[in-house]
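Q: Turn this into a model:
(chains A and B)
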Amino acid sequence: MKSVIAEHLVKTYSKGEVVALNDLSLDVEEGTVLGVLGPNGAGKTTTVRILATLLKPDSGHATVAGIDVIKHPDKVRELIGLSGQYAAVDETLTGWDNLVMFGRLYHLGRQPSIDRANELLERFDLTEAARRPIKTYSGGMRRRLDLAASLIVKPKILFLDEPTTGLDPRGRQDMWGVIQDLVKGGVTLLLTTQYLEEADQLADEIAVIDHGKVIARGTSDALKKQVGGERLEITVENEDIPVAQEIVARISGNTTHLDLRTISAPVLTGSVALMETLRALDEAKIHPLDIGLKRPSLDDVFLSLTGHVAEEIVEEPIKKKRGGKK
Amino acid sequence: MKHAISDVLTITKRQLLQLARVPEILVFSTIQPVMFVLLFRFVFGGSIASDQPGGYVQLLMPGIFVQTVAFTLASTAIGLAEDMKKGLIDRFRSLPISRGAVIIGRTFGDALLNILVLVVMALAGFAVGWRPTSGILQTTLAFLFLFMFGYALSWIGILVGLSVKEARTVQSVGFLVTFPLTFLSNAFAPTTGMPRALQYFAEWNPVSTMVAACRQLFGLENRFGATADSWPSQYPLETSLFYMVLLMVIFIPLSIRKYKNFSS
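A: Residues are numbered from 1 along each chain as shown, chains lettered A, B, ... in the order given. I've put the predicted structure just below:
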C-alpha cells in the first residue's frame, strides 16, 4: 500500500519563469520513511506544501492515504501531521498554551487537549519549559515543540520539512532520536533534508531531487552501488608501493590508483578481496599502515548524479530561486 | 457548525492569551492614543478656538476615539502578516479547521482588544475634562459605533495582511492608509479651513462621519468642522452606518476568498 503518491507534479512561480517542480513523481510505502534529499531550491518544500494541501500544483496529481489532496484537502488534513522548516507556533504563548490550542483546533475536547499537551510535553522532554513562552526556548526545543504540535492527533502520515536545518549537532542528534522513535511507532514519514547523513540515518528509501525533478531513488545502499561498488584502499610505506600495487591489481583484477602512499582499486566482493590482500601482503612481508574498504558516501552519490556537490549549493544564498537554474 | 464556532473562539482566545502572557501589548496599544489625548488637549487645545461648552476636549475626544479604532486596520494587518511570516498560518491551514476561522478569530480578537483600549482612553479623556452630556444610552451607542467601525476596518486589515506579505511593508501600508484618513477629516481641526477639494473629501471621509456621529451621540452640537448643509454632516449616523455595512459587505467576502486561495 502506498500512503503517499505524487504523480507528475508541476509548479511554477512568477508566471512560469521559475520552475519549482518539473514533472516530479514519488511515492511512500505505508509505514516507511522516504527521505527527499536535495539542495536548497531543488523543490523539496514545494513538494511538501502540495502534499500537505497548502499549495495547488499547476498540473499533476497527488493522493495521501488514497485521498486526492486537491479535491478533498479537508479530509487529508485530518490524517496528516506537518512540521516545517520554521517552528510554526505562537512564540508569545507558552509551550503548553500552544499544544492545548492546537488540540482544540483538532477538535479534541478541553480536557483531552490538556491531557494530550501534558503527554507530548513529557515525551519531548519539555515539561520543565512548558509554562515558559516559546520565545525563551532554544532552537532544538522549538523544533521539538513544533513536532509535538504536529503529533496531537497521532497522525498516520507525517511530513517533516527539513526538521534539523539550523540545529546544532546536539539538537540534531536529539531530533533524530525523536524521529526514530516515531518511525518505530509505525508512522509513515516523508522527510526532506539537505543533509546526506540525515537521509542515510533516517530513511528507508531516498529520492534525490534536483531542479524540481527526482533524479534517482532507491535505498541508501542501492544508490551507493549505482555510483560504483566498494573500493579497496591500502596505505603502505614508500618502498613497498610497487609490490603492494602488484598485489592489489592481481586480486581486484582492475587497474589501481595511487594517491601518495594509498593504493586503491574497485573490487567486486569487498570482504573476500580484503582477506586475500591481507594474506598476500603478509606473505610478501609488507605491513600496511592502513587498510580498509571504502563505500561511496552519499556525497559521492550526489556528485555523480548532479555534477555538483549538495553542500556547496547550500552555502550559496539562493533563497528566492527555487530550482530555476538552467 | 459547532466546530466552526469553537475554531473561531480558540483563535480568538489565543489573542487574549497573548495579552495575558505579554501585557506590554495592551500597554503599547493604549499608550499612543493616551499620548494623543494629552498632546492635543494641552498643546493644541489652548490655541484651537472652539465655541463648544466644555472646550476643545469635548470635540477632541470623539476624534481620538475614531482615530484609535481606525488604527485597528494596521494592527490587524500587521498581526496577520507576522503570523504568516512565522509559518503559523501554514500550520493553521494544515489543520482540519473550518475555512475562515483563522481570520474571523483574528478580527474578533482585535475587536476585543479595541474594547479594552476604548475603556482606557475613555478614562484618560475623563481625567482631562471630557464629559459626554447625552446620557448613558446615547453614550453607549457611540461606543457601539466605534466598536463596529474598528471591526469593519479590521477586515480591510485582513486583506492588506494577506496581500502584502512582509510585516514591515504591511506596517507602512497600514499607516499610509490610516494617517491621511484620520487627518483629512474633522477629527482635530475644522474642515472649513482646508482647500475646497480636500474639504469635499473630508466631508465624505468615513472618519469624519464617524467623528460627527460620535459627537452627536455624546451630546455635542455638531457644528465643528463641518459645512452644515452637506449631506454627510446632516446625517452622520446614517452615513457612518452605511459605510460600515458597505466595508463589511465588500471586504469580508474578499478577505475570506483571498485566504482560501492564497498560496505562497
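
Q: can you pull out the helices in chain B?
A: For chain B, helices defined by DSSP state H occupy the ranges B:2-21, B:24-39, B:56-70, B:72-85, B:88-93, B:101-127, B:136-163, B:167-183, B:196-204, B:206-217, B:231-234, B:236-261.

Q: tally of neighbours for the residue in the stretch 51-200 of chain A that chain B sits nearest to?
A: Here the residue of the stretch 51-200 of chain A nearest chain B is residue A:88; by C-beta to the nearest C-beta that distance is 3.6 Å. Just so you know, the C-beta spots here come from the backbone N, C-alpha and C atoms, and that holds for glycine as well. By the measure other C-beta atoms under 10 Å in any protein chain shown, the count of residues near residue A:88 is 22.

Q: any idea how far residue A:166 is from it?
A: From residue A:88 over to residue A:166 the distance is 14 Å, taken as C-beta to C-beta, to the nearest Å.

Q: Identify all contacting residues around stretch A:166-175.
A: A:85, A:138, A:139, A:140, A:143, A:144, A:147, A:163, A:164, A:198 (C-beta atoms under 8 Å, 6 or more residues apart in numbering or on different chains).

Q: mind checking which helix or strand the spatially closest residue to the second one that is not a sequence neighbour is in?
A: This means residue A:138. Excluding the flanking residues, the one nearest residue A:138 by C-beta to C-beta, 6 or more residues apart in numbering or on different chains is residue A:171, at 7.3 Å. Taking DSSP states H and E as the definition, residue A:171 sits inside helix A:169-184.

Q: Next secondary structure after that helix?
A: Using DSSP H and E, the helix or strand that follows helix A:169-184 in sequence is strand A:188-193.

Q: Just the pLDDT for residue B:160.
A: Note on residue B:160: pLDDT of 91.

Q: Tell me which residues touch it, please.
A: So residue B:160 contacts B:73, B:77, B:170, B:173, B:174, B:177 (C-beta under 8 Å, 6+ apart).

Q: Would you list the buried entries among the residues you listed?
A: Among the contacts of residue B:160, those scoring as buried are B:73, B:77, B:170, B:173, B:174, B:177 (criterion: 16 or more other C-beta atoms under 10 Å in any protein chain shown).

Q: For residue B:240, see how far away the residue lying closest to residue B:60 once chain neighbours are set aside is.
A: Closest residue in space to residue B:60, ignoring its immediate chain neighbours: residue B:40 at 5.1 Å, by C-beta to C-beta, 6+ apart. For residue B:40, the distance to residue B:240 (C-beta to C-beta) stands at 22 Å.

Q: quick one: which of those two has more around it?
A: Neighbour count, other C-beta under 10 Å: between residue B:40 and residue B:240, residue B:240 has more, with 25 against 21.

Q: The more buried one contacts residue B:213, correct?
A: Yes: contact criterion C-beta atoms under 8 Å: residue B:240 and residue B:213 qualify, at 4.5 Å.

Q: which neighbours do these two share?
A: Joint contacts of residue B:240 and residue B:213 (C-beta under 8 Å, 6+ apart) are residue B:145.

Q: for residue 256, what are its contacts?
A: Since no chain was named, I'll use chain A. Residue A:256 neighbours (C-beta under 8 Å, 6+ apart): A:245, A:248, A:249, A:263, A:264, A:265.

Q: sorry, should have said chain B
A: B:99, B:100, B:103.

Q: was I right about the last one contacting residue B:79?
A: No: using C-beta under 8 Å, residue B:103 makes no contact with residue B:79, being 10.6 Å away.

Q: Could you pull up the contacting residues of residue A:295?
A: So residue A:295 contacts A:224, A:230 (C-beta under 8 Å, 6+ apart).

Q: so how far is stretch A:192-209 from its chain's centroid?
A: Centre-to-centre, stretch A:192-209 and its host chain are 3 Å apart (C-alpha atoms, centre = their mean, to the nearest Å).

Q: Between the two ends of it, what distance do you get?
A: For stretch A:192-209, the first-to-last residue distance is 10 Å (C-alpha to C-alpha, to the nearest Å).

Q: That one and chain B, are they touching?
A: No: applying C-beta under 8 Å from any C-beta of the partner chain, one finds stretch A:192-209 separated from chain B by no less than 14.8 Å.

Q: Which residues are in contact with residue A:237?
A: The contact partners of residue A:237, taken as C-beta under 8 Å, 6+ apart, are A:261, A:287, A:289.

Q: Dump those to CSV, plus distance to residue A:278.
A: Below are the contacts of residue A:237 laid out as CSV (distance: C-beta to C-beta, whole Å):
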residue, distance to residue A:278
A:261, 17
A:287, 11
A:289, 13
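
Q: Got a ChimeraX select line for the buried ones in those residues?
A: Buried subset of the contacts of residue A:237, written as a ChimeraX selection, criterion 16+ other C-beta under 10 Å:
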select /A:261
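
Q: Could you dump the contacts of residue A:237 into a markdown table with distance to chain B added?
A: Output for those, formatted as a markdown table (distance: C-beta to the nearest C-beta, whole Å):
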| residue | distance to chain B |
| --- | --- |
| A:261 | 52 |
| A:287 | 58 |
| A:289 | 52 |
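
Q: Residue ranges in the stretch 51-200 of chain B under the pLDDT threshold?
A: Per-residue confidence for the stretch 51-200 of chain B (pLDDT under 70) gives these ranges: B:51-53.

Q: So which bits of it are right by chain A?
A: Residues of the stretch 51-200 of chain B lying near chain A (C-beta under 8 Å from any C-beta): B:86, B:87, B:88, B:90, B:91, B:92, B:93, B:94, B:95, B:96, B:97.

Q: among these, which two are most distant?
A: B:86 and B:96 (21.0 Å; C-beta to C-beta).

Q: thinking residue A:215 is in contact with residue A:304, fair?
A: No: between residue A:215 and residue A:304 no contact is recorded; they are 10.7 Å apart, counting by C-beta under 8 Å.

Q: Next, find the distance separating the residue lying closest to residue B:181 once chain neighbours are set aside from chain A.
A: Spatially, and ignoring its direct neighbours in sequence, residue B:181 is nearest to residue B:207 (5.2 Å; C-beta to C-beta, 6+ apart). Going from residue B:207 to chain A by C-beta to the nearest C-beta, to the nearest Å gives 31 Å.

Q: Looking at the contacts of residue A:256, which is nearest chain B?
A: Looking across the contacts of residue A:256 and measuring by C-beta to the nearest C-beta, the closest to chain B is residue A:264, at 46.7 Å.

Q: Now do the same for the nearest residue to that closest one once chain neighbours are set aside: helix, strand or coil?
A: Counting by C-beta to C-beta, 6+ apart, residue A:233 is the residue found nearest to residue A:264 once chain neighbours are left out, at 4.4 Å. Recorded secondary structure, residue A:233: strand (DSSP: H, G, I helix; E, B strand; the rest coil).

Q: That's all I had, so thanks and see you.
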